[in-house]
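> When you get a sec, could you give me coordinates for this:
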Amino acid sequence: MTSRVRVNGLEVAYTSIGRGSSLVLLHGGMDDLRSWRRQLDGLSDEFSVVAWDAPGCGESSEPPITWRIHDFADCLAGWLAAIGIDRPHVLGLSWGSTVALELVHRHPDVPASLILVSPYAGWAGSLPADEVADRLDRVLAAADLSADAIIREGLPGLLSESTPAEVVAEVSMISAANNGRAHPAGYRAIAHSMAEADLRESLPAITTPTLVIHGELDQRAPYAVAARLHERIPSSELAVIPNAGHLCNVEMPAEFNRLVREFIHSLDESDRIPLDEI
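Predicted coordinates for the structure are as follows:
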């Protein structure tokens, strides 16, 4: 069931399920909350799992085309406050991981932990300048791709070659629903926000417990990108999911959910007071 709340004049759609510690899911660019179906189903047995449609995606309002990563992070903080979520575990995938990093930079008291999946410190903070320019050009040129065209042109590198056809069709359908024709301002704002973001300098200051998850076959955010994030964020952990591409939460949901569950459990354990100290 989708709920809605207004944040600074924008309507933000979201879904929530389960009880327990709050786990907030931030989808990738040109995506929406439907991409988290396997986590909403698989983790809601012991967590309150909440997924948003970022402004400019899914059923949420279009943001100004001038929005950049700090605007999305501030909106995220405002949305969490509006729906009464305090100190959640924040999980972001791809573009969502960059939003999560900007959230902890601008609002360090909001997240209890970070789970960064297929992550970037922004494209500008993770990739060579010529590759950033090429990616931005290709994303903007592909603004109006249909689901069939996305299968041919947009998905290679996002999913491994062994991904079942029905999963490929599901991912392409969601991507097509968030293209530049459906969300003209949001699509372009997200693309430019990712191309311009460079969060490298803020990483060493992160004290929030952090898990970095990388899909072994990820061609979009290669291992070196995840490894650099892990190296620059103090006390972070790095986990690699074998035989998975960029959308490892979709391809290997059981392993993905296990890693998330165990990481949050490890934080809960560390917060407990030993019996001999009571």
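> Now do the contacts for residue 167.
When contacts are counted by C-beta atoms under 8 Å, 6 or more residues apart in numbering, residue 167 touches 159, 250-251. For the C-beta atoms, the positions are set from N, CA and C on the backbone; glycine is no exception.
> And for residue 260?
23, 39, 43, 91, 115, 211.
> run the last query once more with 10 Å
By C-beta atoms under 10 Å, 6 or more residues apart in numbering, residue 260 lies in contact with 23, 25, 39, 42-43, 47, 49, 89, 91, 115, 117, 211, 213, 239, 249.
> Residue 202 too?
101-102, 104-106, 108, 121, 125, 232-233.
> Mind giving me the PyMOL select for the residues you listed, buried ones only?
Buried residues among the contacts of residue 202 (16 or more other C-beta atoms under 10 Å), as a PyMOL selection:
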select buried, resi 101+102+104+105+121+125+232+233
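> which of the contacts of residue 202 lies closest to residue 8?
The shortest separation between residue 8 and any of the contacts of residue 202 is 14.6 Å, and it belongs to residue 106 (by C-beta to C-beta).
> tell me what the host helix or strand of residue 73 is packed against?
Applying DSSP states H and E as the criterion places residue 73 in helix 69-82. On a contact count with 3 or more C-beta pairs under 10 Å, 6 or more residues apart in numbering; DSSP states H and E, helix 69-82 meets strand 2-7, strand 10-17, strand 21-26, strand 47-52, strand 89-93, helix 95-106, helix 184-196.
> what two of the contacts of residue 260 are the furthest from one another?
49 and 239 (19.4 Å).
> Settle it for me: which of these two has more neighbours?
For residue 49 versus residue 239, the count of surrounding residues by other C-beta atoms under 10 Å is larger for residue 49: 28 against 19.
> Surely that one touches residue 85?
No. Taking contacts as C-beta atoms under 10 Å, residue 49 lies outside contact range of residue 85: 11.3 Å.
> Nearest spatial neighbour of residue 67, chain-adjacent residues omitted?
residue 189 (4.3 Å; C-beta to C-beta, 6 or more residues apart in numbering).
> what helix or strand does residue 225 sit in?
When secondary structure is defined using DSSP H and E, the element that contains residue 225 is helix 223-232.
> Okay, angle between the next helix or strand after that helix and helix 223-232 too, please.
Once helix 223-232 ends, the next helix or strand along the chain (criterion: DSSP H and E) is strand 237-241. An angle of 160 degrees separates the directions of strand 237-241 and helix 223-232 when computed by axes from the mean of the first three to the mean of the last three C-alpha atoms, to 10 degrees.
> can you pull the contacts of residue 150?
Listed by C-beta under 10 Å, 6+ apart, the contact set of residue 150 reads 30, 142, 158, 168, 171-176, 179.
> what separates it from residue 23, distance-wise?
Distance of residue 150 to residue 23, given as C-beta to C-beta, to the nearest Å: 28 Å.
> Assess the claim that residue 82 and residue 6 are in contact.
Yes. The pair residue 82 / residue 6 is scored as a contact, 7.6 Å apart, by C-beta under 10 Å.
> before we move on, back to that, name the residues contacting each of residue 49 and residue 85.
Contact criterion C-beta under 10 Å, 6+ apart; residues bridging residue 49 and residue 85 by contacting each: 16, 22-24.
> Including pLDDT, could the residues you listed go into a markdown table?
Output for those, formatted as a markdown table (pLDDT from 0 to 100):
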| residue | pLDDT |
| --- | --- |
| 16 | 98 |
| 22 | 98 |
| 23 | 98 |
| 24 | 98 |
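> ok, of the residues you listed, which one's closest to residue 70?
For these, the closest approach to residue 70 (C-beta to C-beta) belongs to residue 24, at 18.1 Å.
> so what's residue 24 bridging to?
For residue 24, the beta-bridge assignment (DSSP bridges) gives partners residue 50, residue 90.
> Could you shift the numbering so residue one becomes 56, and keep it that way?
Got it, the first residue is 56 from now on, which makes the last one we talked about residue 79.
> residues in contact with residue 99?
71-75, 78, 105.
> I misspoke; the intended subject was residue 321.
For residue 321, the contacting residues are 168, 264, 266, 292, taking C-beta under 10 Å, 6+ apart as the criterion.
> ranges for the strands of the stretch 206-333 of the chain?
Counting by DSSP state E, counting those that start in this stretch, residue ranges of the strands within the stretch 206-333 of the chain are 265-270, 292-296.
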